[in-house]
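A.B. asks: model this:
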Amino acid sequence: METKQENIIRTDYAEEMQKSYIDYAMSVIVSRALPDVRDGLKPVQRRTLYDMYELGIRYDRPYRKCARIVGDTMGKYHPHGDSSIYEALVVMAQDFKKGCTLVDGHGNFGSIEGDGAAAMRYTEARLQKITQDVFLADLDKNVVDFLPNFDETEKEPSVLPVRIPNLLVNGADGIAVGMATSIPPHNLAEVVDAVKAYMKNPEISVKGLMRYMKGPDFPTGGIIVNKDDLPAIYETGTGKIRVRGRVETEKLPGGRQQLVVTQIPYPMLGANIGKFLNDAASLVETRKTTDIVDISNQSSKEGIRIVIELRKGADPEALKNLLYKKTRLEDTFGVNMLAVADGRPETLSLRQIIEHHVDFLFEISNRKYRNLLAKEQEKQEIQEGLIQACDVIDLIIEILRGSQSREQAMKCLSEGVTEGIRFRTKTSQKQAAKLHFTEKQAAAILDMRLHRLIGLELTALIQEHEQTLANIARYEELLNNYDEMAGLLIKELDAVKREFGVARKTSIENAEEAVFEETPPEEIELCFLMDRFGYMKTIDMTAYERNKEAAEKENRFVFPVMSGGRIALFTDTGKMHTVRVKEIPSVRFRDKGIPADNVSNYDSSQERILFAADMAKLSESVLLFVSRDSMCKQVPGSEFETSRKTTQSTKLGEGDQLVYVGPCQEIEQLLLQTSSGCLLRFLMTEVSSMKKTSIGVRGMKLSKGDYVEKAFPLAGEAELTLSIDDREYPVSKVRLSRRDARGSRPKL
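C.D. replies: Alright, predicted model coming up:
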């Protein structure tokens, strides 16, 4: 038995990875993520529309369940999961995303505010009339190539014969590997006019085209405010378009006014509407404006209506500028006109997109009329044969009666072979020998019915033949004359514009950049409170004065701060977290406050707050640091000046952590207590003043396994009682010693 010899190919690993990744990237780019410049569709959109066409779900027929469409598309053409197909189907039916919807959806297909569509088992769809008439009309005329599907059991079109530049009309967005496309939608009527202008003058410039196609026309309306940037964007295929929402001022009784947002910027679609409402509300909360009384979203099926009520005497124009500046009411649409052209991704200018489409339009039209010409020529051949046959019908009947088989009659009609055929006279046989019909004509004669011999039928046949000759002449003229073909295409485009063109929704202008001079809020003095659970809040100083005793008793840290200041939080891990006072809620005295975790990088599960201070007053103080390993130091407060949210406040040894952080200006002595109950008391003058990056000096010598548990700063003659083995012990009984000595356990 012969063994098959293995063919081992040795290749460089990096080279193989590079080749495989490039193959994968190109597959994603061409076969999934980017649209084709010819029909402006991604493969999933093209396959979905073609499947609906195949299923007969036309615009004038009943809706069909989306689940049926999705399942059929996935089974026949797009084996990449049902979610991608349904999502593409939904987007093609959303009039707030597409300038010209291609699918007529029935049911819940989502909303402009970001609500998702219902499950595919509930929704129904069918093709729109424009899709049927402009995207799929000539598929039966062999105008595009058909390719095998993924398992080679079906055929699918490589591109749809779209009559308009759908890439411009509906735009496109998609993320591929290493590249992305973002093309805004445009007005169908204007795009058609631009295509016509290019056909009449192929040398036309981008600026020339923009006389017809002014710029993007977003389905959400809005105002494009950087008109002068558009020529450069359409010339290069990349750039940024600034879009504003349309805001109207309405007067209310009592001299008050309200701003009403009636159109939103296209990038605000979906969840960004909710974000806009939150951002507008936060302008009030952060005291950037006091002019807004109420905000309500009154949008409905009739359109967008976001109402912002203003206080009496407010300046609507100033508030408009504030909204444009601080919220997404003015947003940027990034343009990157990337599409698959000639099988590869390419960033295209406006002129190149139209050029590619016009070339495609001529290509499918030439194929269409070549096929129609071939059919008409075939009809001409048969019609001429039938007309000639009517002139010698008696001879043909004699041939048919005398023939033994169809083949024998065919040979006689096409080649004049008379052998084996019985003729009445020699004259008939001689005449039969002169017949030279083509095979198609002979077959048509044999299939001809007797009623075609009626005079009226013969007249109709002659008229039909004359029409066929006229069609042939027309088709040949179209195929051989560019101007004639261009004229026909322009008429077809005019018909599309008349039937499906709509008025522009987005206005284009040059507007000055929104300017809002932000006046810093007036700083006021507040009282900062933090309880033992790490909840922080600020209260008015008058409220603090009324509840001073309770505030001191119930909270770990209580001190005054300015509203524009910052709070420093020192933790046992040696970190210092900073919090802006304006981020801490200013509440009533009995309100709970907010956890430190919510407004800083502090993590209560990993660290513990030892000390809190006002950053403004910290620079004037000196802080004492004591660690478990008995390392002590004094650090000037100026060391902690920083703009960062988190920084290292001290250097710690491996496994060490802080047990005490606090001010030490008035401290005369320091008492350290270890876990075993040893005590050491020494003068603060023995603790060196160091930078925060130093580790410190040793406070006391520790026995193996022992560590400093508590540190007590002692000031003046203040009496302090310690708790050792659940028994009280006065500090005054602890002998004053020197730093770095061994502590002693008191005799109780």
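A.B. asks: residue contacts, residue 508?
C.D. replies: Applying CB atoms under 8 Å, 6 or more residues apart in numbering to residue 508 gives the contacts 214-215, 223-224, 227, 230. (C-beta placed from N, C-alpha, C; glycine too.)
A.B. asks: give me the beta-bridge partners of it?
C.D. replies: Assessed by DSSP bridges, residue 508 has beta-bridge partners residue 224.
A.B. asks: Surely residue 507 and residue 223 touch.
C.D. replies: Yes. Assessed by CB atoms under 8 Å, residue 507 is found in contact with residue 223 at 5.2 Å.
A.B. asks: Mind giving me the packing neighbours of the helix or strand containing residue 346?
C.D. replies: For residue 346, the host element (DSSP states H and E) is strand 344-347. Strand 344-347 sits against strand 338-341, with contacts defined as 3 or more CB pairs under 8 Å, 6 or more residues apart in numbering; DSSP states H and E.
A.B. asks: Please work out the average pLDDT along the strand it packs on.
C.D. replies: Strand 338-341 comes out with an average pLDDT of 92.
A.B. asks: how close does residue 588 sit to residue 540?
C.D. replies: The gap separating residue 588 from residue 540 is 9 Å, by CB to CB, to the nearest Å.
A.B. asks: and these two? which has more neighbours close in?
C.D. replies: Taking neighbours as other CB atoms under 10 Å, residue 588 and residue 540 compare with residue 540 leading, 16 against 10.
A.B. asks: ok, that one - contacts?
C.D. replies: Residue 540 neighbours (CB under 8 Å, 6+ apart): 526-527, 586.
A.B. asks: These, buried ones only, as a ChimeraX selection?
C.D. replies: Buried residues among the contacts of residue 540 (16 or more other CB atoms under 10 Å), as a ChimeraX selection:
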select :526,527
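A.B. asks: Which members of the contacts of residue 540 occur in strands, if any?
C.D. replies: 526-527 (DSSP state E).
A.B. asks: Make JSON lines out of the contacts of residue 540 and add distance to residue 728 and pLDDT.
C.D. replies: Shown next, in JSON lines, are the contacts of residue 540 (distance: CB to CB, whole Å; pLDDT from 0 to 100):
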{"residue": "526", "distance to residue 728": "38", "pLDDT": "91"}
{"residue": "527", "distance to residue 728": "34", "pLDDT": "93"}
{"residue": "586", "distance to residue 728": "41", "pLDDT": "83"}
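A.B. asks: Give me the next element, helix or strand, following the longest helix seen in the chain.
C.D. replies: The residue-count maximum for a helix in the chain (DSSP state H) belongs to helix 350-391. Sequence-wise, the next helix or strand downstream of helix 350-391 (DSSP H and E) is helix 393-402.
A.B. asks: Would you mark the buried spots in that following helix?
C.D. replies: In helix 393-402, counting by 16+ other CB under 10 Å, buried: 393, 395-396, 398-400, 402.
A.B. asks: Contacts for it, please.
C.D. replies: 389, 409, 412-413, 421-424, 428, 431-432, 435, 445-446, 453.
A.B. asks: so which of the residues you listed comes closest to residue 125?
C.D. replies: If you rank the contacts of helix 393-402 by distance to residue 125 using CB to CB, residue 446 comes first, at 48.6 Å.
A.B. asks: Give the buried residues for stretch 439-448.
C.D. replies: Neighbour counts over stretch 439-448 (16+ other CB under 10 Å) mark 441-445, 448 as buried.
A.B. asks: just the CA coordinates of that stretch, formatted as CSV?
C.D. replies: The C-alpha trace of stretch 439-448 is given here as CSV (Å, rounded to 0.1, in the frame of the first residue of the first chain):
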residue,chain,number,x,y,z
GLU,A,439,-33.2,27.2,-37.8
LYS,A,440,-35.0,29.6,-35.4
GLN,A,441,-37.3,30.7,-38.2
ALA,A,442,-38.0,27.1,-39.2
ALA,A,443,-38.8,26.2,-35.6
ALA,A,444,-41.1,29.2,-35.3
ILE,A,445,-42.9,28.3,-38.5
LEU,A,446,-43.4,24.7,-37.2
ASP,A,447,-44.8,26.1,-33.9
MET,A,448,-47.0,28.7,-35.6
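A.B. asks: Give me the contact list for it.
C.D. replies: Here stretch 439-448 has contacts from 378, 381-382, 384-386, 388-389, 396, 400, 406, 409-410, 413-414, 437, using CB under 8 Å, 6+ apart.
A.B. asks: Swap in 10 Å and give it another go.
C.D. replies: With contact meaning CB atoms under 10 Å, 6 or more residues apart in numbering, stretch 439-448 is reached by 378, 381-386, 388-390, 393, 396, 399-400, 403, 406, 409-415, 435-438.
A.B. asks: Quick one, which of these are buried?
C.D. replies: By 16+ other CB under 10 Å, the contacts of stretch 439-448 give 381-386, 389-390, 393, 396, 399-400, 403, 409-414, 435, 437 as buried.
A.B. asks: ok, the residue nearest to residue 700 when sequence neighbours are not counted - contacts?
C.D. replies: Excluding its sequence neighbours, the residue lying closest to residue 700 (CB to CB, 6 or more residues apart in numbering) is residue 680, at 4.1 Å. Contact analysis of residue 680 by CB under 10 Å, 6+ apart lists 630, 670-674, 699-702, 708, 734-744.
A.B. asks: and the residue nearest in space to the middle of the chain, which of the three is it?
C.D. replies: Of all residues in the chain, the one closest to the mean position by CA atoms, centre = their mean is residue 173, 7.3 Å from it. With DSSP: H, G, I helix; E, B strand; the rest coil as the basis, the three-state label of residue 173 is strand.
A.B. asks: Was I right to think it contacts residue 40?
C.D. replies: No. Counting by CB atoms under 10 Å, residue 173 sits too far from residue 40 to count as a contact (12.0 Å).
A.B. asks: Find residues that contact each of those two.
C.D. replies: Shared contacts of residue 173 and residue 40, counting by CB under 10 Å, 6+ apart, come down to residue 183.
A.B. asks: Could you measure from the residue nearest to residue 730 when sequence neighbours are not counted over to residue 95?
C.D. replies: Spatially, and ignoring its direct neighbours in sequence, residue 730 is nearest to residue 721 (5.4 Å; CB to CB, 6+ apart). Distance, residue 721 to residue 95, using CB to CB: 78 Å.
A.B. asks: Got phi/psi on residue 708?
C.D. replies: Dihedral angles of residue 708 (phi, psi; degrees, to the nearest 10) stand at phi -70, psi 130.
A.B. asks: May I have the residues that are in contact with it?
C.D. replies: 626-632, 656, 658-660, 672-675, 678, 680, 699-700, 702, 743.
A.B. asks: Residues in a beta bridge with it, which ones?
C.D. replies: Going by DSSP bridges, residue 708 forms beta bridges with residue 674.
A.B. asks: and if you look at residue 338?
C.D. replies: residue 347.
A.B. asks: Give the burial count for it, as a bare number.
C.D. replies: 25.
A.B. asks: Go ahead and confirm it touches residue 346.
C.D. replies: Yes. Contact criterion CB under 10 Å: residue 338 and residue 346 qualify, at 7.1 Å.
A.B. asks: Overlap in contacts, the two.
C.D. replies: Contacts common to residue 338 and residue 346, judged by CB under 10 Å, 6+ apart, are 34, 37, 237.
A.B. asks: so residue 125 bridges to which residues?
C.D. replies: Taking DSSP bridges as the rule, residue 125 bridges to residue 64, residue 105.
A.B. asks: Start at 592, not 1
C.D. replies: Yep, numbering from 592; the last one is residue 716 now.
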